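# I would like to see how this sequence folds:
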Amino acid sequence: MNNDGLNKFFAQIYTWMFVGLILSAVASFVTLNTNLGYIIFSNKMLYYGLIGVQLILLFGVQLLINVFSVRASYFLFFLYAVLSGILLSGIFVMYTSASIMWIFLISALLFLGLAVIGFTTKKDLSSFGTVMWMGMIGVFVSSLINMFLQNSLMDMIISGIAIIVFCGLTVYDNSAYKKIYNESRGKGMGKFVVLGALHMYINFIMIFVNLLNFFGDRS
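Prediction:
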């Protein structure tokens with residue numbers, strides 16, 4: 001095993017994940033400090049339309065990764081991160097700044113610990129990953145339904161399940177990308193860097209947002 005190559009591969013994944021988080025933070029800041037936020041959140045059709053575009057980008061990058069060039073894949077990932085930042089900007093109005101700061105820190109430490117476990121484990125997590133992916137689909141479908149039902153109890157239940165699912169996916173994804181690198185012997189990793197960054201970005205954001213929904217102090 002080429003540990004230097006593997007470490008470089010993961011360093012690239014997490015570097016681009018971090019870039020995605022920075023883009024999201026900037027997009028949120030711009031949205032909150034301009035009329036963009038009012039325009040989006042006061043127009044339900046526009047708001048749900050942007051969510052639709054976000055989902056198209058999310059599944060498009062993953063399903064058509066072999067069709068897009070590496071540069072196009074990065075562009076779509078960055079576009080997804082910007083759009084996510086715009087749509088998530090509302091949390092800075094809904095929750096206290098102190099609550100956001102502490103839960104972000106807790107999410108980062110939790111994510112780091114889970115990533116280390118996934119990277120260092122020698123167990124085959126294939127079956128575990130299948131269960132987590134099924135859980136993610138369940139969370140996704142339930143969240144879509146509850147967007148229209150607006151049931152607060154169901155919202156809390158979904159958040160609790162989502163925390164467990166995306167914590168599990170963080171462990172699985174780190175193990176899976178390590179396996180992908182070793183099986184390909186480090187060749188043709190460009191697109192897997194993009195996919196890895198996207199998956200890690202989603203895992204972290206979902207852990208953070210759902211922890212915030214579960215434990216955050218409302219403004």
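
# quick one: contacts for the closest residue to Asp217 other than its chain neighbours?
What sits nearest to Asp217 in space, not counting adjacent residues and going by CB to CB, 6 or more residues apart in numbering, is Ser99, at 4.2 Å. All C-beta atoms are positioned from the backbone trio N, CA, C, and that covers glycine. Neighbouring residues of Ser99 by CB atoms under 8 Å, 6 or more residues apart in numbering: 212, 215-217.

# any idea how far Ser99 is from Val30?
Taking CB to CB, to the nearest Å as the measure, Ser99 falls 22 Å from Val30.

# first vs last residue of stretch 211-219, how far apart are they?
End-to-end distance of stretch 211-219 (CA to CA, to the nearest Å): 16 Å.

# contacts for it?
With CB under 8 Å, 6+ apart as the criterion, stretch 211-219 contacts 91, 93-96, 98-100, 103, 106-107, 155-156, 159-160, 163.

# hmm, which two among those residues are most spread apart?
Val93 and Gly160 (23.4 Å; CB to CB).

# More neighbours: these two, which one.
Neighbour count, other CB atoms under 10 Å: between Val93 and Gly160, Gly160 has more, with 14 against 10.

# which helices and strands does the one helix or strand Gly160 maps to pack with?
Element membership for Gly160, per DSSP states H and E: helix 152-184. Under the contact criterion of 3 or more CB pairs under 8 Å, 6 or more residues apart in numbering; DSSP states H and E, helix 152-184 touches helix 3-32, helix 97-120, helix 126-149, helix 190-215.
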